[in-house]
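Trainee: Give me a model of this one.
(one chain, ligands or ions: 1)
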Amino acid sequence: MPGWFRSRPSTRSRAIDPALWREATADWLFMRGLPEESNERLKALSERFLATKHFSGTHGLEVDARMQIEVAAQACILVLELGIDWYEGWSEVIVYPSQFAPEREVVDEAGVVHLTNDAMAGEAWLGGPVVLSYEDVALAGDEEMRVAGYNVVIHEFAHKLDMRHGDPNGFPPLHANMDPGLWKAAFASAYRDFCARVDAADRLTEARAQAALDALPIDPYAAESAGEFFAVASEGFFETPERLEPAYPAVYEQLRLFYQQDPLARLGSDPEFRAGENRV
Ligand SMILES: [Zn+2]
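Mentor: Residues are numbered from 1 along each chain as shown. Below you'll find the model as predicted:
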């Protein structure tokens, strides 16, 4: 490795054992149909991620090599075609064993301050760390959650990309070949429609409401705000594009231009998907 120590920090990397890489990543939805060449690039990018980010566990949790690979690979699928520099400017990944409930002050619409301690699966700080519940990180490979496309790492790292423009608002810095007007139109119309569907479900009886929420193309949490809609739509884009694209094709198209990937097209070359086993 001639002169590796002279490299800029963003070109450093920490080798991942190929067998461990395969074992840790094989079952994830976003790996379906990923060409071998892209898989190799994802591994190389993850190696750079591991060299530039520092992991720490809370409550005595040891964030071992496999756990670090899992986080790195899920984070790096977002920037496979964009480059690791999209994650520059911060370095900490904090991992809790399970969901965490930080005490926060929030100000309501009337200006009244409340203390909250809602349980969280993950959190991304502007210019600061990404915080994750490992129990939730592991759910991405869980059979039941796979169907829902739940992926807390993709979610929080989508916020990180969004935060390159300041507070997350669902409008990350777009590429020169993209039209901000088309982005805004696609997301605003889908967000309106989605919120209306969630509101309609909330008015149903409990059993019927659950069925209506289960039928949504992405997690109802997306209705929280435009920023959350972008993060949850990014989970859907990589994990369950076969549900996102038919529901909101204009959003899928904007995400395809932004991430410079086409996960739905990749599914066509995935033998399991073609056999219908993963159809949801
Ligand atoms: Zn979020």
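Trainee: Contact partners for I154?
Mentor: When contacts are counted by C-beta atoms under 8 Å, 6 or more residues apart in numbering, I154 touches F30, Q74, A75, I77, L78, S234, E235, F238, E239. (C-beta placed from N, C-alpha, C; glycine too.)
Trainee: what does this protein put close to the ion?
Mentor: E228, A231 (C-beta under 5 Å from the ion).
Trainee: Could you check how far the biggest helix by length in the chain is from the centre of its chain?
Mentor: When the chain is parsed with DSSP state H, its longest helix is helix 180-202. In terms of C-alpha atoms, centre = their mean, to the nearest Å, the centre of helix 180-202 is found 19 Å from the chain centre.
Trainee: Quick one: mean pLDDT over it.
Mentor: Average pLDDT, helix 180-202: 96.
Trainee: Run through who's touching that helix.
Mentor: Contact with helix 180-202 is made by 170-171, 174, 209, 212-213, 216, 218, 220, 222-223, 226, 229-230, 233, 248, 250-251, 253-254, 258, as judged by C-beta under 8 Å, 6+ apart.
Trainee: so after that helix, what's the next helix or strand?
Mentor: Using DSSP states H and E, the helix or strand that follows helix 180-202 towards the C-terminus is helix 206-214.
Trainee: for this structure, what helix or strand is lowest in average pLDDT?
Mentor: helix 143-148 (a mean of 66; mean pLDDT, DSSP states H and E).
Trainee: C-terminal to it, what's the next element?
Mentor: Where DSSP H and E defines the elements, the next helix or strand beyond helix 143-148 is helix 152-162.
Trainee: buried sites along that next one?
Mentor: V152, V153, I154, H155, E156, F157, A158, H159, K160, L161, D162 (16 or more other C-beta atoms under 10 Å).
Trainee: Excluding residues flanking it in the chain, which one is nearest the last one?
Mentor: Spelled out, it's D162. Of all residues not flanking D162 in the chain, P168 sits nearest, at 4.1 Å (C-beta to C-beta, 6 or more residues apart in numbering).
Trainee: Doesn't that neighbour lie inside a strand?
Mentor: No - with DSSP: H, G, I helix; E, B strand; the rest coil as the criterion, P168 is coil rather than part of a strand.
Trainee: For it, the count of nearby residues, please.
Mentor: Per other C-beta atoms under 10 Å, the neighbour tally for P168 reads 22.
Trainee: quick one: contacts for it?
Mentor: Contacts of P168 by C-beta under 8 Å, 6+ apart are A124, L126, H159, D162, G227, F230, A231.
Trainee: Could you count how many residues lie near the last one?
Mentor: Around A231 sit 27 other residues, with neighbours defined as other C-beta under 10 Å.
Trainee: where in this structure is pLDDT low?
Mentor: The model of the chain has pLDDT under 70 over residues 1-11, 144-147, 271, 274-280.
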